[in-house]
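**Student:** Below are the sequence and a predicted model for it; my questions follow.
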Amino acid sequence: MGFPPATDWLHAPLQAGMAVVIFVAHLLTAARALTRPNRAPASRAAWVAVIMLAPMAGMIAYLLLGETSIGRSRLRRLQRVRQSMTQMEDGGPRRAPAMTPQMQEDNVAALFSMAQAINGFSAAAGNHIVLLGAEHPLADPTMDCRAAIDRLVADIGQASESVHIAFYIWLDDGAGGRVADAVAAAARRGVACRVMVDALGSRGFVKGPRWQQLRQAGVRQLVTLDDINRLQHIAFSRMDLRDHRKIVVIDNRIAFCGSQNCADPEFRVKPAFAPWIDLLLRCEGPVVRQMQYLFLSGWIPESGEVGLDGYAATGGAMVGEGSATAIAFETGPITRHNAMADMFVACIYAARRELVISTPYFVPDESLLRALCAAPRRGVATRVIFPARNDSWLVGQSSRSTYADLLQCGVEVFEYPLGLLHAKSLTLDGAVALVGSANMDRRSLELNFENNLLIADMQAVMAIRQRQQRYLDASAPLALQQVQAWPFHSRLTQNAVAMMSPVL
């Protein structure tokens, strides 16, 4: 019997040491997943299962995707700027108009209090809010999106002071090109133009000629979260954090918000799922100041531009001529945990007669799913509209895993077949609406920067409700028997994906 080679004797201690280091790292990662604050029990369980069952892959996944840190320096900048920005005289903290008696009677006051708790803004009365495209109620749904871009381009064309734009996705297509041309023209005639886009969602646009066109015209530019995947940010952060906001503010007087990105409905980066069906609101009145604040509170700390702290306070009208009471708010990694989920849940529980929701991405947390399931049991006619074909296979599978629960509880589930229904809308009792960029999935609930608008106004909400009815009229209702008849392998896949949704 021979002795092992000398190299084996040398390598043995090194291998043992590496094994100990990996074992300790494995335990520490699992402990971090268990003890991280502001995490739901389902998320803790899912992450610990991944880490324990696939040690190396699980640890790497957790380092890349397990937490929502945006970096300490960025967090400090954002908090410092938000604290230093001038308090708005109207539509902001302390000096908002009182809510009407009718709103108090309709049990809506609690919703505005919930929204106020997120960013500190208060309900602003006297707004004029219009759903763009509503003037063509029987037209092709893509006409809504084109009409919205037409109005946006026209308003930019009339701008005399400032144009502030934040989009998650901006494409160099027909709509994106028209908006870029309008912004460049405005900058050349002396309008202060600022454009803020997400590093991932608008990566093609940023690398293309339109971005250079804007720069050459004098437009100030910002690519948000472009450093989030650099080496120094990887550990205990997420490489896929996104700035999902859609905000346009023109002359401190007009604001746009909704689900629509700056792109054609054909959405050529994913043509197989086109057209994208969206909605966009045009707002005038005190709530414009709140949207300006949301834009600037993201722009100033990232761009370093000085002298804009009080700009939001100079905009909008002290008392507008419209009938809408509204409040804008923003959620994300620096706001209170579960703020967006809490807002959705509060709106669902506030419904007394009818609740209609459209959302493309539905991966609810436990509180949101239970609130939806409880609504029909309280006598609320509840309808939810999803796209029949989802551009995210994982989200589509997870979403369908909830259908049986929803249908068993009396929720009416519809699938829209004429494209990807991308509109994120919620109306309750025909009197209140919640519209914006946030989906009912874990990405919007826990990760992304999102902006939404809560509206109480019969005219504006009715227009949104009529748009939802068009979606319903074109959609196919699902019966519980259909879902129960899905093949075993389909249900197995859907539930397996849904079980892991807290880590996605």
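**Tutor:** Everything's here; your move.

**Student:** Can you point out the buried residues in stretch 353-368?
**Tutor:** With burial defined by 16 or more other C-beta atoms under 10 Å, the residues of stretch 353-368 counted as buried are 354-365, 367-368. The C-beta positions use only the backbone N, C-alpha and C, and glycine is treated the same way.

**Student:** ugh, wrong one, stretch 211-227
**Tutor:** 211, 213-214, 217, 219-220, 222-225.

**Student:** Can you name the residues that contact residue 405?
**Tutor:** By C-beta atoms under 8 Å, 6 or more residues apart in numbering, the contact list for residue 405 reads 369, 373.

**Student:** Secondary structure of it: a strand, I assume?
**Tutor:** No - checked against DSSP: H, G, I helix; E, B strand; the rest coil, residue 405 lies outside a strand; its state is helix.

**Student:** Mind jotting down where the helices sit in the stretch 301-450 of the chain?
**Tutor:** 339-350, 366-377, 393-400, 403-408, 442 (DSSP state H, counting those that start in this stretch).

**Student:** before we move on, what about the stretch 51-200 of the chain?
**Tutor:** Assigned by DSSP H, counting those that start in this stretch, the stretch 51-200 of the chain shows helices spanning 55-65, 72-84, 101-105, 109-119, 141-157, 174-188.

**Student:** name the helices or strands packed onto the first one?
**Tutor:** So that's helix 55-65. Judged by 3 or more C-beta pairs under 8 Å, 6 or more residues apart in numbering; DSSP states H and E, helix 55-65 is in contact with helix 6-35, helix 41-53.

**Student:** Show me what the shortest one is packed against.
**Tutor:** The criterion is 3+ C-beta pairs under 8 Å, 6+ apart, and the helices and strands that helix 41-53 contacts are helix 6-35, helix 55-65.

**Student:** quick one: average confidence on the first one?
**Tutor:** Helix 6-35 shows a mean pLDDT of 67.

**Student:** again with the shortest one
**Tutor:** Over the span of helix 55-65, the pLDDT mean works out to 71.

**Student:** cool, and stretch 220-236?
**Tutor:** Rounded mean pLDDT across stretch 220-236 is 68.

**Student:** and what of stretch 142-156?
**Tutor:** Stretch 142-156 comes out at a mean pLDDT of 94.

**Student:** Work out the gap between it and the centre of the chain.
**Tutor:** Relative to its chain's centre, stretch 142-156 lies at 21 Å (C-alpha atoms, centre = their mean, to the nearest Å).

**Student:** one step back: now, which of the buried residues of stretch 353-368 sits nearest residue 117?
**Tutor:** Using C-beta to C-beta, residue 367 comes nearest to residue 117 of the buried residues of stretch 353-368, at 16.3 Å.

**Student:** Return the residues in contact with that closest one.
**Tutor:** Contacts of residue 367 (C-beta under 8 Å, 6+ apart): 338, 341-342, 345.

**Student:** One more: residue 351?
**Tutor:** By C-beta under 8 Å, 6+ apart, residue 351 lies in contact with 375, 380, 382, 428-429.

**Student:** Check residue 225 too.
**Tutor:** Residues in contact with residue 225 (C-beta under 8 Å, 6+ apart) are 70, 198-200, 241-243.

**Student:** Need the residues you listed in a markdown table (columns: distance to residue 474).
**Tutor:** As requested, those are exported to a markdown table (distance: C-beta to C-beta, whole Å):
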| residue | distance to residue 474 |
| --- | --- |
| 70 | 39 |
| 198 | 30 |
| 199 | 35 |
| 200 | 31 |
| 241 | 34 |
| 242 | 29 |
| 243 | 32 |
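
**Student:** Quick check: the farthest pair among the residues you listed?
**Tutor:** Longest span within the contacts of residue 225, C-beta to C-beta: 70 and 200, 14.2 Å.

**Student:** sorry, back to before: looking at the helices of the stretch 301-450 of the chain, which is nearest to residue 115?
**Tutor:** Comparing the helices of the stretch 301-450 of the chain by C-beta to C-beta, helix 339-350 comes nearest, at 6.4 Å.

**Student:** Remind me what that closest one packs against, helices and strands.
**Tutor:** helix 109-119, strand 324-331, helix 366-377, strand 425-428, strand 432-436, strand 450-456.

**Student:** And those: which comes nearest residue 52?
**Tutor:** Closest approach to residue 52 among the helices and strands packed on helix 339-350 (C-beta to C-beta): helix 366-377, 22.4 Å.

**Student:** Buried residues in the closest one, which are they?
**Tutor:** For helix 366-377, by 16+ other C-beta under 10 Å, it's 367-369, 371-376.

**Student:** can you check stretch 296-314 too?
**Tutor:** Those would be 296-303, 308, 311-313, for stretch 296-314 by 16+ other C-beta under 10 Å.

**Student:** Where is pLDDT lowest across these?
**Tutor:** residue 313 (78).

**Student:** Count the residues that sit near the residue nearest to residue 450 when sequence neighbours are not counted.
**Tutor:** Nearest residue to residue 450, sequence neighbours excluded (C-beta to C-beta, 6 or more residues apart in numbering): residue 438, at 4.0 Å. Using other C-beta atoms under 10 Å, residue 438 is surrounded by 29 other residues.

**Student:** what's near enough to touch residue 438?
**Tutor:** 244, 331, 340, 424, 444-445, 448, 450-452.

**Student:** For those, work out which two are farthest apart.
**Tutor:** Farthest pair in the contacts of residue 438, by C-beta to C-beta: 445 and 451, 14.3 Å.

**Student:** Next up, the contacts around the closest residue in space to residue 178 that isn't next to it in sequence.
**Tutor:** Computed as C-beta to C-beta, 6+ apart, the closest residue to residue 178 that is not its neighbour in sequence is residue 153, at 5.2 Å. Neighbour list for residue 153: 178-179, 182 [criterion: C-beta under 8 Å, 6+ apart].

**Student:** Repeat that for residue 475.
**Tutor:** Going by C-beta under 8 Å, 6+ apart, residue 475 touches 385, 388, 414-417.

**Student:** Show me what counts as buried in stretch 199-206.
**Tutor:** 199-202, 205-206.

**Student:** hang on, the earlier thing: now the helices of the stretch 51-200 of the chain in TSV, with distance to residue 33?
**Tutor:** Formatted as TSV, the helices of the stretch 51-200 of the chain follow (distance: least, C-beta to C-beta, whole Å):
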stretch	distance to residue 33
helix 55-65	6
helix 72-84	21
helix 101-105	43
helix 109-119	27
helix 141-157	41
helix 174-188	40
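
**Student:** which two in the buried residues of stretch 296-314 are spaced the farthest apart?
**Tutor:** For those, the maximum inter-member distance is 20.7 Å, found between 302 and 313 (C-beta to C-beta).

**Student:** count of neighbours near the spatially closest residue to residue 363 that is not a sequence neighbour?
**Tutor:** With C-beta to C-beta, 6+ apart as the criterion, residue 363 has its nearest non-adjacent residue at 3.9 Å, and that residue is residue 441. For residue 441, the neighbour count with other C-beta under 10 Å is 24.

**Student:** Quick one: residues contacting residue 441.
**Tutor:** 361-364, 395.

**Student:** Please determine how far residue 378 is located from residue 355.
**Tutor:** 10 Å (C-beta to C-beta, to the nearest Å).

**Student:** re earlier: of the buried residues of helix 366-377, closest to residue 409?
**Tutor:** Nearest member of the buried residues of helix 366-377 to residue 409, counting by C-beta to C-beta, is residue 373, at 3.9 Å.
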